[in-house]
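Undergrad: this is a predicted model, with the sequence first.
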Amino acid sequence: GVSIIYISHKMEEILKISDEVTIMRDGTYVGTWPSKELTTDLIIKRMVGRELTNRFPPRENIPGEVVLKVENYTSISPKSFKDVSFELKRGEILGIGGLVGAQRTELMEAIFGVRHTMNGSITYKGEPLKIKRPRDAIKKGIALLTEDRRATGIFGVLSISDNVGIASLDKYLDLGFVLNNRKLDVLVNENIRKMSIKTPSTKTQIQSLSGGNQQKVIIGRWLANDPDILILDEPTRGIDVGAKYEIYTIIAELAKQGKSIIMISSEMPELLGMSDRVMVMCEGRVTGILDGAEATQEKVMSLATKYM
């Protein structure tokens, strides 16, 4: 007899468990319908206000030479990742799949210098790379978009301008210590235009934006550093389907430009729809790497539960 309000961006699960579905768009009530009268495509249409014929944009990237090689990477924690080896190519989208507890995030944080390792090596563009802290990774052109946007991504009480510029302020200093606000404003406005960020102004607090627009701001922050490798941890979590497509388009365009993308995702359609290859982890170990064309939900789930 308990009444439940269940909020989710996952269409299949909404249709599976609900009796009625209420749809909102841009803070406005769209309507309520019995779930048996709805389909995934119909929900998406009413959410975004238009037909969305493809959930993923066409990809025109062509993976090239290997730019990052990780060998036998092992965490200092015995309960974390161990003996992980993989390669990342130029212009490639490498998806990382696995269940909760697979240690995907921990692995990427170690590569970025947030966590310590006991064994293993990284080769970057043919040369050995030592990363002891995030600053080392940033200097080498590696960026990390964290899993929890609100806790470790945005600076909520700061403006959009501050959030975009904070990782590259040294590029906008005069005399080594005076911030050139005019140059910074050019950068911020360019990011707003390129990524179609919906905001009243550059001085708006980022916490007042929607999740999708917050995520675009953080991507813009890292692109200001012109990185070669972007690690995206759950890049569309908590974002509506329309904003997801915009994020996918940005990712696909970056790969086309030759940027190398590592994308952790717990959403199977996203993982299969966006990845050139899929690396699957279970209990801290790599259980397989699938070519995007041969990857299926069944194969990924089989590898994701191999040691369980």
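TA: That came in fine, so what should we check first?

Undergrad: can you report how many residues neighbour Asp174?
TA: 9 (other CB atoms under 10 Å). Every residue, glycine included, has its C-beta placed from N, CA and C.

Undergrad: my guess is it meets Asn180, correct?
TA: Yes. The criterion here is CB atoms under 8 Å, and Asp174 meets it with Asn180 at 5.1 Å.

Undergrad: so what sits opposite Asn119 in the bridge?
TA: Counting by DSSP bridges, Asn119 is bridged to Thr74.

Undergrad: what do you get for the one 4 residues further on?
TA: As for beta bridges, Thr123 partners with Lys69, Pro128 under DSSP bridges.

Undergrad: what segments of the stretch 51-200 of the chain are helices?
TA: 104-111, 134-139, 160-165, 181-194 (DSSP state H, counting those that start in this stretch).

Undergrad: between those helices, which one is closest to Val66.
TA: helix 104-111 (15.0 Å; CB to CB).

Undergrad: thinking again about what came up before, of all the helices of the stretch 51-200 of the chain, which one comes closest to Asn225?
TA: The nearest among the helices of the stretch 51-200 of the chain, by CB to CB, is helix 134-139 at 6.5 Å.

Undergrad: just the CA coordinates of the closest one, formatted as PDB?
TA: The C-alpha coordinates for helix 134-139 follow below in PDB (Å, rounded to 0.1, in the frame of the first residue of the first chain):
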ATOM      1  CA  PRO A 134      47.000  15.000 -11.100                       C
ATOM      2  CA  ARG A 135      49.300  17.900 -12.000                       C
ATOM      3  CA  ASP A 136      51.600  15.500 -13.700                       C
ATOM      4  CA  ALA A 137      48.800  14.100 -15.800                       C
ATOM      5  CA  ILE A 138      47.400  17.500 -16.700                       C
ATOM      6  CA  LYS A 139      50.800  18.700 -17.900                       C
END
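
Undergrad: what residues sit buried inside it?
TA: Pro134, Ala137, Ile138 (16 or more other CB atoms under 10 Å).

Undergrad: which residues are contacting it?
TA: Ile111, Phe112, Gly113, Val114, Lys130, Ile131, Ala143, Leu144, Ala167, Asn225, Pro227 (CB atoms under 8 Å, 6 or more residues apart in numbering).

Undergrad: and it, how far out from the chain middle?
TA: 19 Å (CA atoms, centre = their mean, to the nearest Å).

Undergrad: with stretch 158-170 instead?
TA: Offset of stretch 158-170 from its chain centre (CA atoms, centre = their mean): 19 Å.

Undergrad: give the buried residues for it.
TA: Buried-residue list, stretch 158-170, by 16+ other CB under 10 Å: Ser159, Ile160, Ser161, Asp162, Asn163, Val164, Gly165, Ala167, Ser168.

Undergrad: now do stretch 15-35
TA: For stretch 15-35, by 16+ other CB under 10 Å, it's Leu15, Ser18, Val21, Ile23.

Undergrad: where exactly do the strands run in the protein?
TA: 20-25, 28-34, 66-75, 84-89, 93-97, 117-124, 127-129, 142-145, 173-174, 178-179, 229-233, 260-264, 277-282, 285-291 (DSSP state E).

Undergrad: redo the ones you listed as CSV? Include mean pLDDT and distance to Gly153.
TA: Formatted as CSV, the strands of the chain follow (pLDDT from 0 to 100; distance: least, CB to CB, whole Å):
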stretch, mean pLDDT, distance to Gly153
strand 20-25, 92, 24
strand 28-34, 93, 26
strand 66-75, 97, 23
strand 84-89, 98, 22
strand 93-97, 98, 18
strand 117-124, 95, 24
strand 127-129, 94, 25
strand 142-145, 94, 7
strand 173-174, 79, 24
strand 178-179, 80, 22
strand 229-233, 96, 10
strand 260-264, 97, 14
strand 277-282, 98, 22
strand 285-291, 97, 26
